[in-house]
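Novice: sequence unknown, structure follows:
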């Protein structure tokens, strides 16, 4: 014969099953979910910090690139001005050396300038080469080319680094 299970007994078993299920859910939550959630929160915080560091590094790199570009523009301008002064003083060796230094600074600029400035730079390199050729033939004949180079460098500097 089949025994009848009382309602009270069935409720007890249902209650035991619910308690066991609840304890299992709590055990899973405390052993798996919460530690994983803490790791995820820490990873998210670390990611935010890393992104901020990367942004700061990109800004610093851009500032460094800009300062390097400015340095080479000023170095080239300084070389052209020194060559012009040497021409005025009839100092061939000084003019030649200064113009070579300006040309070396010009050669460093292509990797630092944007594509919109490449044509101007090419013209300036040709002008520097022409001034060097003019120096060899007649020292004073290089002065107009040097004056034009100075104007171009001042204009380039003003375009790249406008004064506030």
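Specialist: Now that the structure is in, tell me what you want to look at. Just so we're clear, the structure is a prediction, and the values are computed from it rather than from any experiment. Numbers count the residues shown, from 1 in each chain.
Novice: now residue 84: how far from residue 147?
Specialist: Between residue 84 and residue 147 the computed distance is 7 Å (Cβ to Cβ, to the nearest Å). In this view, the C-beta of every residue, glycine as well, is placed from N, C-alpha and C.
Novice: And residue 108, by the same measure?
Specialist: Between residue 108 and residue 147 the computed distance is 23 Å (Cβ to Cβ).
Novice: Contacts only, for residue 93.
Specialist: residue 86 (Cβ atoms under 8 Å, 6 or more residues apart in numbering).
Novice: And the pLDDT for it?
Specialist: Residue-level confidence at residue 93 comes out at 94, pLDDT.
Novice: Where do the helices of the chain begin and end?
Specialist: Using DSSP state H, the helices of the chain run over 7-28, 34-88, 92-108, 118-137, 143-160.
Novice: Highest mean neighbour count out of those helices?
Specialist: Looking across these with neighbours counted as mean count of other Cβ atoms under 10 Å, the highest average goes to helix 92-108: a mean of 18.
Novice: Tell me the gap between that helix and the middle of its chain.
Specialist: With Cα atoms, centre = their mean, to the nearest Å as the basis, helix 92-108 stands 29 Å off its chain's centre.
Novice: could you check the angle helix 34-88 makes with that helix?
Specialist: With axes from the mean of the first three to the mean of the last three Cα atoms, to 10 degrees applied, the angle from helix 92-108 to helix 34-88 works out at 150 degrees.
Novice: could you give the angle of helix 92-108 to helix 118-137?
Specialist: Computed by the same axes, to 10 degrees, the angle separating helix 92-108 from helix 118-137 equals 160 degrees.
Novice: now the chain, which segments are flagged as low pLDDT?
Specialist: For the chain, the stretches with pLDDT under 70 are 1-5, 164.
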